[in-house]
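In: fold the stuff below for me.
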Amino acid sequence: SSLSLSLTSRYLTMLPSSLSSFLSVTWLLSLSIAGTFIGHGSIALNGGEGKWYTYLKVAGIGSEKGGYLIKLIGYIDILVGLLVIIQHPHPHPALLVWAAVWGLATALMRPLSHESIWAALERAGNFIPAVALLCIVIQDTDAQQYWLRMMVYLFVVGVIVSLFLRKTKILGNKNKSRVFVKK
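Out: Residues are numbered from 1 along each chain as shown. Below you'll find the model as predicted:
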């Protein structure tokens, strides 16, 4: 009985360190990226959400090609999510750049399709974990600063451009079809 108590207490004291190594920052970021991409990819393979077709229209892609493209994006998203987990703790930097840029681009489609700018901001969790993990993986302070600045600039420029396009009526009127206006 005292032997089992001693073994139990020994293993209980080991639990926090094992748990903390499992729940390291890189694991949390990898799981966040994988969850985002595998989740969105699975939704896309099931036909996507209706508003996703609006985002494709803003990009100039009609509904006839949209269904095929959404499924292709679904496969790519799932692959990205799986690769981030498989390559843990050091996913390839190009994979993380893709995840960050794609996450940012899809977030910026919201204001371009007449959703609130806040709809883009709330999706920061779709691209910031990839930037954070990229900074950990590359371990080069200059490169880290470059990618952090690049993502901030891209986000700010994207917001400004989308607001400009909405104000100048280059994009369709909010009350009409949400595609580019041909003049």
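
In: rest of the way, CA atoms for contacts and neighbours
Out: Noted.

In: A124 and P91: what is the separation?
Out: Distance of A124 to P91, computed by CA to CA, to the nearest Å: 20 Å.

In: tell me the secondary structure at E115.
Out: Recorded secondary structure, E115: coil (DSSP: H, G, I helix; E, B strand; the rest coil).

In: and it, how far from L108?
Out: As judged by CA to CA, E115 and L108 stand 10 Å apart.

In: neighbour count winner among these two?
Out: Taking other CA atoms under 10 Å, E115 and L108 do not tie; L108 has more neighbours (26 against 13).

In: any idea how far the closest residue to that one other than its chain neighbours lies from S113?
Out: Distance criterion CA to CA, 6 or more residues apart in numbering; nearest residue to L108, sequence neighbours excluded, is A120 at 5.5 Å. From A120 across to S113, the span is 11 Å (CA to CA).

In: name the helices or strands packed onto the helix or strand where W147 lies?
Out: Assigned by DSSP states H and E, W147 belongs to helix 141-167. Here helix 141-167 touches helix 93-112, helix 128-138, going by 3 or more CA pairs under 8 Å, 6 or more residues apart in numbering; DSSP states H and E.

In: would TSV of these with distance to G41 be doable?
Out: Output for these, formatted as TSV (distance: least, CA to CA, whole Å):
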stretch	distance to G41
helix 93-112	12
helix 128-138	16
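
In: picking that back up, which one of A120 and S113 has more residues nearby?
Out: S113 (26 against 22).

In: surely the more buried one touches V58?
Out: Yes: using CA atoms under 8 Å, S113 is in contact with V58, at 6.3 Å.

In: quick check: closest non-adjacent residue to L82.
Out: Closest to L82 by CA to CA, 6+ apart is A34, at 6.4 Å.

In: quick one, what contacts that neighbour?
Out: Counting by CA atoms under 8 Å, 6 or more residues apart in numbering, A34 touches 78, 80-82, 84-85.

In: go on, S63?
Out: Contacts for S63 (CA under 8 Å, 6+ apart) come out as 53, 56-57.

In: same thing with L108?
Out: 120, 155, 158-159, 162.

In: and what of A107?
Out: 119-121, 123-124, 126.

In: again, but for G41
Out: By CA under 8 Å, 6+ apart, the neighbours of G41 are 71, 73-78.
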